[in-house]
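Visitor: just need the structure, nothing else, for what follows:
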Amino acid sequence: MRWFKEFFHRLQLSIFLSSCKGCGEPLVFSDEARVCVCRECRATITLNRDPQCRICGRIMDNDYDRCGECILNPPPFRKHVSYSRYQGLMKDLILLYKYSGVEKLKNLFVDYYIELVNDVINEDFDGIVPVPPDKSRKREFGPILEAAKILCQRLGIKLLSGYLVKVKETPPQAGLSKAKRIRNLDGAFKLKNPQEIKGKKVLLIDDVYTTGTTVTKCAQLLSKHAADVAAITLARS
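Guide: Below is the predicted model of the structure:
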């Protein structure tokens, strides 16, 4: 009967055209096809509600509301939160979106960003600033920018794109220590037309928060002119 199951599976794929990026099963419902993930797999990714530092979002194992790092060296952003941990299916989906061009996943990630904005941060913003990519990395689309466009449409917020730009090519940050990440990104970003964000309350968005170096470098530039900077990411490693 194994051959029949395989035949039936292929028949389903031919009818429904797309399969779940998590388990490979055919996507039957429209809400599944919209995000490229079936309901069962999507249910495995949930908002992280572990005790966290109220500033950087670091997972805490004590009763303090701030971590030692934020007490000793307050970051240039007022608040950062991630949707979940960078592991399992969430990690796989982020990598597929960024490096394999599975563009429909942006709809799933926008759902997560919106949940963070509405249910966790619960504030209004004047504009959203996406962390810019390296111009040298040839992709048909900018993953964070494309998600930011939809996020702005759904929230009715202005997209502040093109002001924060990356002016220095840097090697990938993955696997580097915090010190090396900081050196990598020294002078890597520039803020164009800073008067456009002067006095504004802005939301910075990125995909993964590891040491916080990228978000911190971008927030440093923004906070010199913006009235307030908060940040959200999809996952924290």
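Visitor: strands along this protein, start to end?
Guide: Taking DSSP state E, the strands of the chain run over residues 79-85, 127-130, 158-159, 164-166, 189-191, 201-209, 228-236.
Visitor: can I get these in TSV including mean pLDDT and distance to residue 99?
Guide: No exception for glycine: its C-beta is placed from N, CA and C like everyone else's. Listed next are those as TSV, based on pLDDT from 0 to 100; distance: least, CB to CB, whole Å:
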stretch	mean pLDDT	distance to residue 99
strand 79-85	98	19
strand 127-130	97	17
strand 158-159	96	24
strand 164-166	92	18
strand 189-191	93	22
strand 201-209	97	11
strand 228-236	97	15
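Visitor: okay, now the domains of the protein?
Guide: The record's domain parsing of the chain by automatic domain parsing lists 1-44, 85-236.
Visitor: quick one, which of these is packed in tightest?
Guide: The highest average neighbour count among the domains of the chain, using mean count of other CB atoms under 10 Å, belongs to domain 85-236 at a mean of 17.
Visitor: so residue 93 sits right up against residue 21, yeah?
Guide: Yes: Residue 93 is within contact range of residue 21, at 6.2 Å (criterion: CB atoms under 8 Å).
Visitor: need the overlap of contacts for these two.
Guide: Residues within reach of residue 93 and of residue 21 at once, by CB atoms under 8 Å, 6 or more residues apart in numbering, are 37, 102, 105.
Visitor: out of those residues, show me where the pLDDT dips lowest.
Guide: Sorting the shared contacts of residue 93 and residue 21 by pLDDT puts residue 102 at the bottom of the list (93).
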